[in-house]
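J.: Model the structure of this input:
(chains A, B and C)
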Amino acid sequence: MRVHAAQVYEILLDKLGPQGWWPGDTPLEVMIGAVLVQNTAWANVERALDNLRNADALDPHRLLALSPAELEPLIRPAGYFRVKSRRLQNLMRWLVDRAEGDAERLRESNAQALREELLAINGVGPETADSILLYALEKPVLVVDAYTLRIWARHGWIDYDVDYHQLQEHLASELPQEVGVFNELHALLVAVGKKWCKPKPHCAGCPLEQLLPESGIAEPCW
DNA sequence: GACCAGGCACATC
DNA sequence: GATGTGCATGGT
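T.: The predicted model follows:
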């Protein structure tokens, strides 16, 4: 018997409760946050966002108008600040060209088309693009990440060498195609990953460890 | 001090 | 096409 992603979702939602990701933030802030959080802890991203807000730069046109020497110090706390200042401006340039800087307006567009446009931007890869589609534009697109792969692979539910798209399709096919479910599942998996599923395993107490192995649908996590 | 974080692009073989 | 490396801050 093979585990179903919907079961994992139910268990985690029950055990951990809703994670409340990106509620109340504007689509623009989500987009900027999605770039800043690349391989970085969210706490660091918040400082950078605060700096941008205080500098009145949480605006596509004003952010684009900044020179690297002006933008880099603002986002410095989020790490990789030289790379990310370029990536951020690439994304903002697209937003201005595409929708006159109005992120809300992107919601009218088709998710597949938007995804391809986003992936064409230097600095936007699959996870960043999908995070924007799901959390900023409320498209029913599942975000998978390093934690998702680790959790699924360590239980023997999937091979460790699947690529992003394979993992995404595999999980999405086992879930109701709802924005709310995709939103919450990814956030829950990040919560599990942060606490229990680090690169060096110390999985004791993980909600999945106690529930799934005894039902015979998972190998013990390692 | 080592390890880790809600990746991605680019170089090299 | 697979594998390796640079990017950088801040928390544990």
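
J.: so how many other residues sit close to the residue nearest to residue A:160 when sequence neighbours are not counted?
T.: Of all residues not flanking residue A:160 in the chain, residue A:153 sits nearest, at 4.2 Å (CB to CB, 6 or more residues apart in numbering). Where C-beta positions appear, they are placed from N, C-alpha and C, glycine not excepted. Residue A:153: 17 surrounding residues under other CB atoms under 10 Å.

J.: Okay, and residue A:153 sits in which element?
T.: helix A:146-154 (DSSP states H and E).

J.: Considering helices and strands only, name the one in chain A with the lowest mean pLDDT.
T.: helix A:207-211 (a mean of 74; mean pLDDT, DSSP states H and E).

J.: Please state the backbone phi and psi of the residue in chain A that DNA strand B sits nearest to?
T.: At 2.2 Å from DNA strand B, residue A:125 is the closest residue in chain A, using CB to the nearest atom of the strand. Main-chain dihedrals, residue A:125, degrees, to the nearest 10: phi -100, psi -170.

J.: That one: what's it in contact with?
T.: residue A:119 (CB atoms under 8 Å, 6 or more residues apart in numbering).

J.: Could you list the domains of chain A?
T.: Domain assignment for chain A, taken from automatic domain parsing, gives A:5-19+A:143-215, A:27-136.

J.: Skipping adjacent residues, who's closest to the residue nearest the centre of chain A in space?
T.: When CA atoms, centre = their mean is applied to chain A, the residue found nearest the centroid is residue A:131 (4.3 Å). Distance criterion CB to CB, 6+ apart; nearest residue to residue A:131, sequence neighbours excluded, is residue A:34 at 4.3 Å.

J.: tell me which element that neighbour falls in.
T.: Counting by DSSP H and E, residue A:34 is found in helix A:27-36.

J.: Residue A:48 too?
T.: Using DSSP H and E, residue A:48 maps to helix A:42-54.

J.: Residue A:185 now?
T.: Using DSSP H and E, residue A:185 maps to helix A:179-196.

J.: Helices of chain A, start to end?
T.: With DSSP state H as the criterion, chain A has helices at A:5-16, A:27-36, A:42-54, A:60-65, A:68-75, A:81-99, A:111-119, A:126-131, A:146-154, A:164-172, A:179-196, A:207-211.

J.: Figure out which of those is closest to DNA strand C.
T.: Nearest of the helices of chain A (CB to the nearest atom of the strand): helix A:81-99, 3.1 Å.

J.: Residues contacting the closest one, please?
T.: A:28, A:31-32, A:35-36, A:38, A:60-61, A:63-64, A:66, A:68, A:71-73, A:75, A:78, A:101, A:103, A:105-106, A:117-118, A:121-124.

J.: What is the neighbour count of the residue in chain A positioned nearest to DNA strand C?
T.: As assessed by CB to the nearest atom of the strand, DNA strand C sits closest to residue A:79 within chain A, at 2.6 Å. When counting by other CB under 10 Å, one arrives at 17 neighbours for residue A:79.

J.: Can you tell me how far it is from residue A:140?
T.: Residue A:79 sits 31 Å away from residue A:140, going by CB to CB, to the nearest Å.

J.: Flag every residue of chain A that's near DNA strand C.
T.: Residues of chain A lying near DNA strand C by CB under 7 Å from any atom of the strand: A:39-41, A:43-44, A:47, A:76-77, A:79-84.
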